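Novice: only the shape, not the letters, is given here:
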């Protein structure tokens, strides 16, 4: 079984369409140490049928670059057996519009709060009702696992995470369990497991237990420091204000993602995904990138494949 990294950037992509920071200018200028990236999305399964996890605004480009997702078994066909959304954010749900030509309702797993976000605050699911329709299946986050018809041997166990719901969520200022989930993805044939959490605001004891249970962790790499956007004059909010644990330790002593990853067993493969255009690790020659490499932490790029 494979996990395909379709997109590895945070919302906006890399380069971001309206950003002229040093890094976006570098990738536009053809820098050999900067690689363009589309917005965060993965697919799990294979060889012909896949679960799409998060539907990026860049989904059409991602499908074109990954022919595995188009097995061409019929005049109209797709390898996407269903879609699972970790949250209701724009960069994880807008791609659903691009799947509207499907000839039958789209199997879609999400928690009930995410379903509310995408039915009320940003009514994508209601719009799709005028096209292919949606076969919504409630995603549990109480320890129960789900299986995906068509993707044999895949078992998915969701876990509610501490993060922020979308800005248009009816409960934006009062987050609830299920606004955002991480996933333990298991190949039941091999027993190997990947923990996937592109939006992770805090490593709680249940999250840590799931990370320890995984052979590979694929987690939030959005920001290097908590005040990254503030220092660059791009926002008044910290990383944690918008639901992301930065890589660096925090001034209050809270361990950052790098410290937590260093505490995992040596056997665990560690990788970062959902990387913002301001994060210096996108420069493959930066000190920050060398620091990660020395610690055995990988930085995801589009097209990366994890076998499990």
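Specialist: Structure received. Computed from a prediction, not measured in an experiment: that's the story for all the values here.
Novice: and the pLDDT at residue 272?
Specialist: Looking at residue 272, its pLDDT stands at 98.
Novice: beta partners of it?
Specialist: In this entry, residue 272 is beta-bridged to residue 219, residue 299, by DSSP bridges.
Novice: quick check: it touching residue 301?
Specialist: No: using C-beta atoms under 8 Å, residue 272 makes no contact with residue 301, being 10.6 Å away. Every residue, glycine included, has its C-beta placed from N, CA and C.
Novice: those two: who's more crowded?
Specialist: Per other C-beta atoms under 10 Å, whichever of residue 272 and residue 301 has more neighbours is residue 272, with 24 against 17.
Novice: got a list of what the more buried one touches?
Specialist: Residue 272 is in contact with 218, 219, 220, 221, 247, 257, 281, 292, 297, 298, 299, 300, counting by C-beta atoms under 8 Å, 6 or more residues apart in numbering.
Novice: hmm, 7 Å instead?
Specialist: 219, 221, 297, 299, 300 (C-beta atoms under 7 Å, 6 or more residues apart in numbering).
Novice: of these - the most surrounded one?
Specialist: residue 221 leads the contacts of residue 272 on contacts (other C-beta under 10 Å) with 32 neighbours.
Novice: top strand in the chain by residue count?
Specialist: strand 151-160 (DSSP state E).
Novice: farthest pair within the contacts of residue 272?
Specialist: Farthest pair in the contacts of residue 272 (C-beta to C-beta) is 219 and 299. Separation: 11.7 Å.
Novice: ranges for the strands of the stretch 1-150 of the chain?
Specialist: 2-7, 41-45, 50-53, 80-84, 106-110, 134-138, 146-148 (DSSP state E, counting those that start in this stretch).
Novice: which outside residues touch stretch 106-119?
Specialist: 82-85, 87-88, 93, 99, 124-126, 132, 134-139, 141, 146, 165-166, 168-171, 176, 178-179, 181.
Novice: switch to 8 Å and redo it
Specialist: Contacts of stretch 106-119 (C-beta under 8 Å, 6+ apart): 81-85, 87-88, 93, 96, 99, 124-126, 128, 132-139, 141, 146, 148-149, 158, 160, 165-166, 168-171, 176-179, 181.
Novice: ok, of the residues you listed, which come out buried?
Specialist: 81-85, 87-88, 93, 96, 99, 124-125, 128, 132, 134, 136, 139, 141, 146, 148, 158, 160, 165-166, 169, 178-179, 181 (16 or more other C-beta atoms under 10 Å).
Novice: if we take the contacts of residue 272, which one ends up nearest to residue 37?
Specialist: residue 300 (8.5 Å).
Novice: surely the closest one and residue 220 touch.
Specialist: No: contact between residue 300 and residue 220 fails when scored by C-beta under 8 Å: they sit 11.2 Å apart.
Novice: got the phi and psi for residue 215?
Specialist: phi -80, psi -30 (degrees, to the nearest 10).
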